[in-house]
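A.B. asks: how does the following fold in three dimensions:
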Amino acid sequence: MIHRRNFCKALATAPAVLATPALLRSAFADEVSSIVVVSQHGLPYLPLMTMDTLKLVEKHAGKLGVGSLKPEYKTLGGTQSLIDALLSGQMNFGVTGVPGLATLWDKTAGTPQEVRALSAVQSMPFMLVTNREAIKTIKDFNEHDKIALPSVKTSSQAICLQMAAAKEWGQDQYAKLDPLTITRPHPDAATSVMSKATEVNSHYSVAPYYYYELATPGVHNVLKSYDTLGGPATNGVMLMTKKFRDANPKVTSAVYAALSEAEEFINKNPGEAAQIYIKTTNEKRSSQAEMIKFIADPDNVWTTTPQQTMTFANFMHKVGTMKRLPASWKDMYMPECHELKGA
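C.D. replies: This next block holds a predicted model:
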């Protein structure tokens, strides 16, 4: 479960990243004049990089009469610090997984700080990789193994691992692998697995890191999240509070339009999108040609349409980590995306 005191501790570790006030209001309008948008590490956050590079929020805000809006894009290394930034008002929008959304919606629904998602950000798989040759399936993990996740118990990877354990050993054993998990940012976890220099020998990884890990001799794949979930699933959603949306409808619409345009741009211009990723992240390992292959991988779906939201919610409700079950995926998303054929 996510606890408020853990949020505060996580937020305290990143004061410089979140120093910019998030709720400065314009003297010429009723809506905010600046917003903070927070993401994490990896290719799943390419749509936000595209929004930033192409100034898409500014473009759409201007069309709606909010010409002075200044978005600021920040990166954090873990789920808990991002969530606390949202709850404390230090950010307005942030990308995390569906389980993080489900947990926050469950805790805040009906309150002034109700958390929902503006939309999905993409659908991409996670890959559970390891450098230990003897591990062929999750049954082969033992007490000597360490599986790195962006956040234990609460991240999408953590919940997917629980789903896999429930399928393998029974519903009452869903947490069987939890003691083996450890919180690490994706770049650090990938380095550990490839170098074999730390206690972390396995990583439930995202792109582009699993591409690099699987290209490393001695590293192989154990499990793909799509296999556990039964198909493509939303990897990230754009979190925000209902209070912010209600007070800033034009800004919210501008962000949604910007995200939608970013997805369209990535699908139509993978070469330019690859350049954006390389420049934004200072990527040294991949060439543009290789990054294009990653972006165009059929497993990676650049869309704002939610997928498998209820798969996560149903599981979390069944095992007791989510008390209330939404009637549909729309309960956890803002009206802006309700016209989409989500799931």
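A.B. asks: helices of the stretch 151-300 of the chain, residue ranges please.
C.D. replies: Taking DSSP state H, counting those that start in this stretch, the helices of the stretch 151-300 of the chain run over residues 156-169, 186-195, 209-214, 225-229, 242-247, 249-268, 270-281, 288-296.
A.B. asks: winner for burial among those?
C.D. replies: Mean neighbours per residue, mean count of other Cβ atoms under 10 Å, is largest over those for helix 156-169, with a mean of 23. For the C-beta atoms, the positions are set from N, CA and C on the backbone; glycine is no exception.
A.B. asks: just the pLDDT for the nearest residue to residue 149 once chain neighbours are set aside.
C.D. replies: Once flanking residues are discounted, residue 149 sits nearest to residue 157: 4.6 Å by Cβ to Cβ, 6 or more residues apart in numbering. Per-residue pLDDT puts residue 157 at 94.
A.B. asks: quick check: residue 157 touching residue 129?
C.D. replies: No - between residue 157 and residue 129 there is no contact under Cβ atoms under 8 Å: 11.6 Å.
A.B. asks: any figure for the gap between residue 217 and residue 294?
C.D. replies: To residue 294, residue 217 is 20 Å away according to Cβ to Cβ, to the nearest Å.
A.B. asks: same question but for residue 117, I mixed them up
C.D. replies: 25 Å.
A.B. asks: want to throw the helices of the stretch 151-300 of the chain into a markdown table with distance to residue 48?
C.D. replies: Shown next, in a markdown table, are the helices of the stretch 151-300 of the chain (distance: least, Cβ to Cβ, whole Å):
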| stretch | distance to residue 48 |
| --- | --- |
| helix 156-169 | 17 |
| helix 186-195 | 15 |
| helix 209-214 | 17 |
| helix 225-229 | 21 |
| helix 242-247 | 17 |
| helix 249-268 | 8 |
| helix 270-281 | 9 |
| helix 288-296 | 14 |
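A.B. asks: out of those helices, flag the one nearest residue 149.
C.D. replies: Closest of these to residue 149 is helix 156-169, at 4.6 Å (criterion: Cβ to Cβ).
A.B. asks: residues making contact with that closest one?
C.D. replies: 97-100, 126, 128, 137-139, 147, 149-152, 173-178, 181, 204, 223, 225, 228-229, 235, 312, 315-316, 319 (Cβ atoms under 8 Å, 6 or more residues apart in numbering).
A.B. asks: not counting sequence-adjacent ones, nearest residue to residue 286?
C.D. replies: residue 208 is the one closest to residue 286 (Cβ to Cβ, 6+ apart), at 6.5 Å.
A.B. asks: just the pLDDT for the one you found.
C.D. replies: Per-residue pLDDT puts residue 208 at 92.
A.B. asks: wait, it sits on residue 45?
C.D. replies: No - using Cβ under 8 Å, residue 208 is not in contact with residue 45, being 11.3 Å away.
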